[in-house]
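Novice: model the following, please.
(one chain, ligands or ions: 1)
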Amino acid sequence: MTLKLHNVTKKFGSFTAVDHLSLEIPEKQIFGFLGANGAGKTTTFRMILGLIQQSGGDITWNESGIGYDKSHLIGYLPEERGLYPKMKVQDQLVYLARLRGMNSKEAIHELEQWLEKFKVPDYKSKKVEDLSKGNQQKIQFISAVLHKPKLLILDEPFSGLDPVNVEMLKEAVVELKEAGTSIVFSSHRMEHVEELCEHLCILHHGKPVVHGKLKDIKRSFGKKNVRVRADFDLAFLKDLPGVTKYKSLGDSCELQVENEHISQTILTELHGKGFIRTFDLEEPSLNDIFIEKVGDSYE
Ligand SMILES: Nc1ncnc2c1ncn2[C@@H]1O[C@H](COP(=O)(O)OP(=O)(O)OP(=O)(O)O)[C@@H](O)[C@H]1O
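Specialist: Below is the predicted model:
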């Protein structure tokens, strides 16, 4: 079940929040949706979910429309978490799962398994307001996945979580993917996207500036990173032609170079100057690519 967006546009008055966005989100994979604050990620999710209507373009899932009739197949973790604070976890999540077509017995069974997995089995009888923010988020995540959706949309799923909970949630996301769920998530943390996603899109002012397979994106970026550690001063490298960035890190340095041929020039220049401990040519990080494409407007 591939999710396709074709020329999707959303205008709020005269402001265009999403501008002719065309994307193909492959099934059974994790798709990363990146962009600076206000780039249009949440607006896109809301259009996919049918919560707001696009001003133009088509959104299809497996070649047909997507809307409330498919809500039992879709799970959503919204950016502004929205559980009822006074309601107990089990009552609330079972109620929501039933709305999405699951029977109570199965929902309770699934909930117990998820709470066990997240190491909070005793939370089922607690009120949401009595849980910490991070734990409320875990419960909201469970609410998005309890009814076993085929398509899962996660808006900033890792924000506000401690490192242990981030890992726990990441593992859960990977397991869901392996079980056949198609997952789209937005994040400002490049390392999460790099670790989890094969495909991604970077949105900038509502337009996709990068879109495709992570591997291909890195390869086609052209620029590479070079890391050198040596027993002599490396500062002269920053003035070499083709070196676009230089960062000193004590006895080592990181360089961004225009292409991999420049790394050969660097190696030649280093030759004979002293002892070189390490020399590595690396693909650019997603962070490098993001900064280049989105630039100064990234907060
Ligand atoms: N209902 C609305 N009315 C008017 N403008 C809106 C509305 N919803 C969103 N916008 C505007 O559309 C733009 C995109 O917002 P959106 O929430 O989609 O960004 P985002 O990429 O999710 O940002 P963030 O990373 O900060 O969550 C913003 O400039 C926002 O102010």
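Novice: domain assignment for this protein?
Specialist: Domain ranges of the chain: 3-214, 223-283, per automatic domain parsing.
Novice: sec struct for His192, please.
Specialist: Each residue gets one of three states, and His192 gets helix by DSSP: H, G, I helix; E, B strand; the rest coil.
Novice: any stretches of the stretch 1-150 of the chain with poor pLDDT?
Specialist: 1, 67-69 (pLDDT under 70).
Novice: contact residues of it facing the ligand?
Specialist: Residues of the stretch 1-150 of the chain that fall close to the ligand, judged by C-beta under 6 Å from any ligand atom: Phe12, Ala17, Gly35, Asn37, Gly38, Ala39, Gly40, Lys41, Thr42, Thr43, Glu79. (C-beta placed from N, C-alpha, C; glycine too.)
Novice: sorry, back to before: out of the domains of the chain, deepest packed?
Specialist: Looking across the domains of the chain with neighbours counted as mean count of other C-beta atoms under 10 Å, the highest average goes to domain 3-214: a mean of 18.
Novice: what about that one, how long is it end to end?
Specialist: Using C-alpha to C-alpha, to the nearest Å, the end-to-end distance of domain 3-214 comes to 18 Å.
Novice: hey, what's Gly212 bridged with?
Specialist: Listed beta-bridge partners, Gly212: Leu200 (assigned using DSSP bridges).
Novice: distance of it relative to Val173?
Specialist: As defined by C-beta to C-beta, to the nearest Å, Gly212 lies at a distance of 21 Å from Val173.
Novice: over to Gly32?
Specialist: As for Gly32, its distance to Val173 is 11 Å (criterion: C-beta to C-beta).
Novice: cool, Phe31 as well?
Specialist: 12 Å.
Novice: do His109 as well
Specialist: With distances defined as C-beta to C-beta, the gap from His109 to Val173 amounts to 21 Å.
Novice: same question for His211.
Specialist: Taking C-beta to C-beta as the measure, His211 and Val173 are separated by 21 Å.
Novice: before we move on, what about Leu93?
Specialist: 18 Å.
Novice: also Phe12?
Specialist: With the distance defined as C-beta to C-beta, Phe12 ends up 31 Å from Val173.
Novice: pairing partners for Ile25 in the sheet, please.
Specialist: Judged by DSSP bridges, the bridge partners of Ile25 are Leu3.
Novice: that one contacts Thr2, correct?
Specialist: Yes. Under the contact definition of C-beta atoms under 8 Å, Ile25 touches Thr2, with a separation of 6.7 Å.
Novice: where along the stretch 101-250 of the chain do the strands fall?
Specialist: With DSSP state E, counting those that start in this stretch, the ranges of strands along the stretch 101-250 of the chain come out as 151-155, 182-186, 199-204, 207-213, 224-230, 243-249.
Novice: now do the third one against strand 182-186, angle only.
Specialist: Strand 199-204 and strand 182-186 are oriented at 30 degrees to each other (axes from the mean of the first three to the mean of the last three C-alpha atoms, to 10 degrees).
Novice: for the record, mean pLDDT for strand 199-204?
Specialist: For strand 199-204, mean pLDDT rounds to 94.
Novice: who are the packing partners of the longest helix seen in the chain?
Specialist: What stands out as the longest helix in the chain, according to DSSP state H, is helix 163-178. Counting contacts by 3 or more C-beta pairs under 8 Å, 6 or more residues apart in numbering; DSSP states H and E, the secondary-structure elements packed against helix 163-178 are strand 30-35, helix 133-145, strand 182-186, helix 190-196.
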